[in-house]
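# Pasting a predicted model and its sequence here:
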Amino acid sequence: MWKLGVDIGGTFTDLVMVDEETGELSVTKYPTTTQDPSKGFTNGIDMLFQHKGIDFEDISQIVHASTLATNTLLERKKEGDTAILTTKGFRDVLEIQRQRRYDLYDLSIQKPRPVVPRQYIKEIDERVCFDGFILKELNEVGVKASVNELLKNGVRSICVSLLHSHINPVHEKRIKDIIEEISPDVMISLSSEIAPHIGEYERTNTTAINAYIMPQVKIYLENLITGLAKKGFSRTIHIMKSNGGITTVDEMIRFPVYMIEAGPAAGALMASFYGNLIGEKDLVSFDMGGTTAKLALIEEGRPKVTNQFEADKIKLKPGSGLPLIIPALDLIEIGAGGGSIASLQMGVIAVGPESAGAEPGPACYGMGGHQPTVTDANLVLGYMNPDYFLGGRMTLDVDAAHRSIEKKIAEPLGLDVTRAAWGIHDMVNKNMAAATRIVSIERGRDPRKLPLVVFGGAGPLHGSRIARELGISRVFIPAAAGVTSAIGLHVAGLSFDFNAPHISLLGQEILKTVNRLFSQMEAKGRAMLKEAKTTGESFFLKTADMRYAGQGHQINVPLPDGNFRKDDLEQIERTFNKLYYDIFGYRDDEQSIEVVNWRLTAYSPPTKVKLNKYSNAGGRSDDAIKGTRQVFFPEIEGFLECNVYDRYKLPQGFVIQGPAVVEEKESTTLILPKDRGHVDEYCNLMIETLA
Amino acid sequence: MSKVDPITLGVVWGGLRSIAEEMGAALKKTAYSLAVREAEDFSVGLFDDTGRLIAQGDFSPGHLGSMPFVVKHVISEYPPEEMNPGDVIILNDSYLGSGHYPDCFCVAPIFHKNKLVAFAVNCAHHVDVGGGAPGSQAVENVNDVFQEGIRILPVKLVKCGEIQKDILKLIIGNVRVPDIVKGDLMAQANANRMGEKRLSSLIETYGLSVIKKCMDQIISRSEEAIRAAIEKIPDGSYTFTDYFDDSGRDTPPIKVHVTATVNGSDIIIDFSGSSPQTRSALNSVLNYTYAYCFFAVKCLTDPYIPQNEGCVRPIKVVAPEGSFFNPRFPTAVGGRAIVNQRLFEAVMGALSQAIPDKVITAASHWANPNFGGFNPRTGKQFVCYEIVVGGFGARSDRDGCEAMVSAFNISNIPVEVLETNYPLRIERFEIVRDSAGSGQFRGGCAIRRDVRVLEDHIQFSNLTDRHLYPPFGLFEGKPGSTGITILNPGPDEQVLHSKGCYELKSGDLVSQTLAGAGGYGDPLKRDIEAVRLDVTGEYISVEAAREKYGVVVDPATKEVDITETLNHRNRKSEPIRS
């Protein structure tokens, strides 16, 4: 039996199959059919089946990741479908937001546009206090009148977000009952279920987005299931979530906001998979594509999860987007990719976040782009082969790259073109190194001890320089680094997240309550895992959001297993103090500790994936040399003749002495002078850098 | 002196800026007060050993503009030989740079090989520093700085890494919320430590001489860039006049009179002709006046030049001693927070004559009232520092944003967080219909925020303006509505003064309605579809659409009657003959 993974991205639909017995992988790519993504899905499957000589009978399970939720949010074409019911006096929570300018000096600033316009937001007469006390009973007549009016205007999906509902959801639940009595077909999102956290703007926004994308996601997933059933597949389908776990279709239809940005999560999971392969449980995952670079910290074999996430940012500026309180992989995205445009700002080189994209693309694509990009710089420096771009499917115009850098950067700065190109390459590396430093240091890790796992089309050209910048001594570049992120789909386990907001000081008085909260969450998790037909073992990971009493920001602290006893408290306190010190550089042992939230993740790991061993164990290294070319290195202030290797012909166990270039279809690896690249039995490269 | 190559310069410059950003992130995450951790009322910067600003995080412009004054005073007080690694010097004196006592500045010297090379500096707004009213920002009946709370002249809060417990005791013994003030001070000291560590490693990598050369070049290049931008403003003298309502009950309006003179790449902003200093705590010390003039000029020239000493060199600010914009010690200044927006708007008004496309109209005037008293939930005193912010000014090509700060930059405190922390309940927080100044591009709307007091003996000091003089529009755009503060709206309601201090009892409701932002351009030229959308979104009424914009909208269907609209607009635009 095979497990099939399908990742529908913006440009390509990746399909990865794994044989459940042998772990054998089979990969294919198909252009995404934007009009009807399910078409690319089925076309790809047909291709893969034909190639392997199998059919749906042989598929035990499908795991699917899709950009549909993200796209629906970004496109904003569905206004009028969705409405909000909220507490009287608070109709404008979504528009008022947090009121701060994300750009201090720019007077042309615009705020993120709420997903639900003001006329679709109705106030309900009711009031719950901060401690859950009901100050004013729900006006049910008012609810009915508002719902009827909204339905008359064509609303299909309703978000209910009342003040303090994360403490006492009783009014939200009653409103749900009333809506269901009026019309069972209306889709309902309750803020106390979607994002039970303090902070009315962030909670309402998360729930409103859930309601906004729900109709699209529901239709899509239901069609997908029907379509597959028609072809004879009625076994399990699981969907990828933003937190790197997978879940059932039913759960995803109720909580579609958990699907936003699930695609990039697969990449980080893939990095953790390779980490496992090489025996590294802690690492930095670095994915550099055409427009952005994404960084994530992997700890104990799993990417870090955060509960704050911002969608639809303007030029990736923090604070410019729509905040979501959902469990999501802690990915840092910066505007640094192959297509990032270089310009001069006050006489120094700046790179990104603007990107030339795929069209017109870098100047060297010859498709009308005249702005110099990172790719143009890499071409001028000899890092890329103009005749072997995308495996030779496209020829790059070196002269065009040269001209664009000369005109926009070199001449105004009085530098020669090579130095200017190096300036671009160096600046984008510095930007990425700074971001990596923030990822790791803010999270209390010293990046120097961690290996850097590099992938994405542009990653392998920049990985070693970034590593040197950070003092990282090992850079790992998986085989086919440009395309394998869909492997992440098979690394994802079933996971369900629960949380119980309960603010109290850490002390033995709360043990009973906490144990009760956890056993309730665990029971729910067990039931959901069972429903999702998990085959593997079940795990329950407990954490808590903690702070020094009186502070406003929490850190998430792992908790010991099992029922808590008095002795555990000391250990929890120690873990918190240590973690706090690691992150902020100081601790306050005298201050009492407050817990805000207790969390539980019910988790069931997937079947193990095994990579195909590489067949070229006995090959000769000379055969792998495609030729030589002139490559620029600042260490010698000039070009050096370097060997160019064919990645597909590298023999196992071979050590490439830098400087050297390794070419494969989707990417090029640059091995710096004095660095050494080791080829392992899967044709992965481990580079020891001179850090 | 040889120059640093442009590539190294770019890298070091980026490094210095990211240090400032990281200091800000650390301060926010470890602070205790809602003012710092939720409202983000703080700032951070890096200075060289001579006190020149090199890099800053993009936080509150008032603090950032005042920081150079603070650092210069610290340097003159403590010569390098009296400073040691691990020291943190604190001050909050208004006239030495802070502008008002709640803003406490922490300055940490940074050493390299036993030589002083730089300073890490941050400032946080503390919710209370003692004085006559909770929040230390009362305006009425406060006649000198000694009534405003504890005054801290530059002292070492931390010596060689050791907190000076005596100093700390002295400070927190004089404030209403000692735990919170202590927590925030510790967070401030810690943020500086982070800046010190990161700058030291940057110096390790590139060497001190390269870093110093980079600092010089950062400053000179920024100065060149800002000068080039000022050059584009037509030369001339541009005058503008506006008024504050008053400085307390039964006081006269305060005249804001500004002349902006542009001469080549220099600009002089002169407040001569403005009112004299007041006998209340509403005055703007000179460094604060400076800060917001710098800010306004930066917005109008090149918003994306990273802020440093070079950006302010071409700008000169003049205010006669003893005037509202340059009071003499010991004149009280605690209420100065609401002056920031007016400084900014005065510069906008003046320069609208020179660069009409770049300026914005007057925004909804913000309110910064304080509530304080006993909180039975904690058994301690509380101070709630409220932030009420309305619409942004209209631009030459777009409306003003709804509910966004103008001039300074802080966040609101979430209603749920506020109610969990204080014996107060927010009963309404909403956009006010028909409050925006009309124009081809309209201003942002006013905001109304109602606060119910849940305990007796609550001190309330109001702090806002534009109850009498509305925010101005530009180029035929109309002013916004005026604001009002009402106690217990209803038949027995009482209008409260914009700067009054009151004692409230349990059950009282303070309803704060701000002014609406001014409009830009002729309202009759506003796009008809934009007017229709304003009606459907209930930002304006059907009546206002007709009266202010000449657009006739059917009240039932919300459809525009085009023929009627065109007729109506024609009639309205005909000159009125007397």
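Nice, thanks for sending it over. Numbers count the residues shown, from 1 in each chain, chains lettered A, B, ... in the order given.

# how is chain A carved up into domains?
Chain A breaks down into these domains under automatic domain parsing: A:2-73+A:219-259, A:74-218, A:341-416, A:494-604, A:621-688.

# Can you say which of those is nearest to B:Tyr101?
Closest to B:Tyr101 of the domains of chain A, according to Cβ to Cβ: domain A:494-604, at 22.2 Å. (Glycine included, C-beta is placed from N, CA and C.)

# avg pLDDT for the closest one?
Here domain A:494-604 scores 86 as its mean pLDDT.

# List phi and psi for the residue of the stretch 201-350 of chain B found nearest chain A.
Using Cβ to the nearest Cβ, B:Pro303 is the residue of the stretch 201-350 of chain B that sits closest to chain A, at 3.5 Å. Main-chain dihedrals, B:Pro303, degrees, to the nearest 10: phi -60, psi -20.

# Show the pLDDT at it.
Looking at B:Pro303, its pLDDT reads 87.

# any idea which helix or strand carries the residue lying closest to it once chain neighbours are set aside?
Nearest residue to B:Pro303 in three dimensions, chain neighbours excluded: A:Tyr105, at 3.5 Å (Cβ to Cβ, 6 or more residues apart in numbering or on different chains). Assigned by DSSP states H and E, A:Tyr105 belongs to no helix or strand.

# A:Tyr105: what's it in contact with?
Contact analysis of A:Tyr105 by Cβ atoms under 8 Å, 6 or more residues apart in numbering or on different chains lists B:Phe295, B:Lys298, B:Cys299, B:Pro303, B:Tyr304.

# Which elements pack onto the helix or strand the second one falls within?
This points to B:Lys298. Per DSSP H and E, B:Lys298 falls inside helix B:286-301. Applying 3 or more Cβ pairs under 8 Å, 6 or more residues apart in numbering or on different chains; DSSP states H and E, we find helix B:286-301 packed against helix B:61-77, helix B:208-231, strand B:266-270, helix B:309-312, strand B:315-318, helix B:340-351.

# Try it again at 10 Å.
Counting contacts by 3 or more Cβ pairs under 10 Å, 6 or more residues apart in numbering or on different chains; DSSP states H and E, helix B:286-301 is packed against helix B:61-77, helix B:208-231, strand B:254-263, strand B:266-270, helix B:309-312, strand B:315-318, helix B:340-351.

# Run through the stretch 1-150 of chain A and note the low-pLDDT ranges.
For the stretch 1-150 of chain A, the stretches with pLDDT under 70 are A:10-11, A:34.

# show me the contacts for residue 172.
No chain specified, so I'll use chain A. A:85, A:124, A:126, A:128, A:138, A:160-162, A:165-166, A:188-193, A:207 (Cβ atoms under 10 Å, 6 or more residues apart in numbering or on different chains).

# try again with chain B
B:Ile150, B:Pro178, B:Asp179, B:Ile180, B:Val181, B:Lys182, B:Leu185.

# B:Ile219 too?
B:Ile219 neighbours (Cβ under 10 Å, 6+ apart): B:Asp48, B:Arg52, B:Leu53, B:Ile54, B:Asn308, B:Glu309, B:Gly310, B:Cys311, B:Arg313.

# Could you pick out the buried ones from the contacts of A:Tyr105?
Buried by 16 or more other Cβ atoms under 10 Å in any protein chain shown: B:Phe295, B:Lys298, B:Cys299, out of the contacts of A:Tyr105.

# The contacts of B:Ile172 also near chain A: which ones?
With Cβ under 10 Å from any Cβ of the partner chain as the criterion, the contacts of B:Ile172 include B:Asp179, B:Ile180, B:Lys182 near chain A.
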